[in-house]
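Participant: sequence unknown, structure follows:
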């Protein structure tokens, strides 16, 4: 399944700060429809495209939606920071 959406980048603090795209609720609902088929260890594997960058990662549930982690290399390549709004394309699933 592929999903496209716009999301504001947010920071989630842990041992180090991390930056995520928080899926809008309609996109999160689409992920929830297929999560039983793709989830492992509580996360959903995806291939994502932002700007000219393509990367693989795993989303995890938080605050009634899914959080897509943005790798530092992607943020640097695209000149992104917390508060920016990005257009995201996701391919959801293990074959991502």
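Facilitator: Nice, thanks for sending it over. Being a predicted model, the structure only gives us computed values, none of them experimental. Residues are numbered from 1 along each chain as shown.
Participant: could you list the low-pLDDT ranges of the protein?
Facilitator: Residues of the chain that meet the criterion pLDDT under 70 lie in 14-17, 36, 95-96.
Participant: just the strands in it please.
Facilitator: In chain order, the chain shows strands spanning 2-13, 17-22, 44-50, 53-62, 65-69, 85-92, with DSSP state E as the criterion.
Participant: would you list these in CSV and tack on distance to residue 31 and mean neighbour count?
Facilitator: Yep, even glycine has a C-beta here, placed from its N, CA and C like the rest. What follows is those, written out as CSV (distance: least, C-beta to C-beta, whole Å; neighbours: other C-beta atoms under 10 Å):
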stretch, distance to residue 31, mean neighbour count
strand 2-13, 7, 14
strand 17-22, 12, 18
strand 44-50, 6, 21
strand 53-62, 7, 16
strand 65-69, 5, 22
strand 85-92, 6, 18
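Participant: as TSV, these with distance to residue 30 would be great.
Facilitator: TSV is the format used below for those (distance: least, C-beta to C-beta, whole Å):
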stretch	distance to residue 30
strand 2-13	5
strand 17-22	15
strand 44-50	11
strand 53-62	12
strand 65-69	10
strand 85-92	8
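Participant: for residue 62, which residues make a bridge with it?
Facilitator: With DSSP bridges as the criterion, residue 62 is bridged to residue 65.
Participant: likewise residue 44?
Facilitator: Partner residues in beta bridges with residue 44, using DSSP bridges, are residue 59.
Participant: quick one, what contacts it?
Facilitator: Residue 44 makes contacts with 31, 35, 38, 58, 59, 60, 66, 92, 93, as judged by C-beta atoms under 8 Å, 6 or more residues apart in numbering.
Participant: leaving out sequence neighbours, find the closest residue to the second one.
Facilitator: Beyond its immediate neighbours in the sequence, the residue positioned closest to residue 35 (C-beta to C-beta, 6 or more residues apart in numbering) is residue 44, lying 5.9 Å away.
Participant: same check on the last one?
Facilitator: Leaving out its chain neighbours, the residue that sits closest to residue 93 by C-beta to C-beta, 6+ apart is residue 38, at 4.6 Å.
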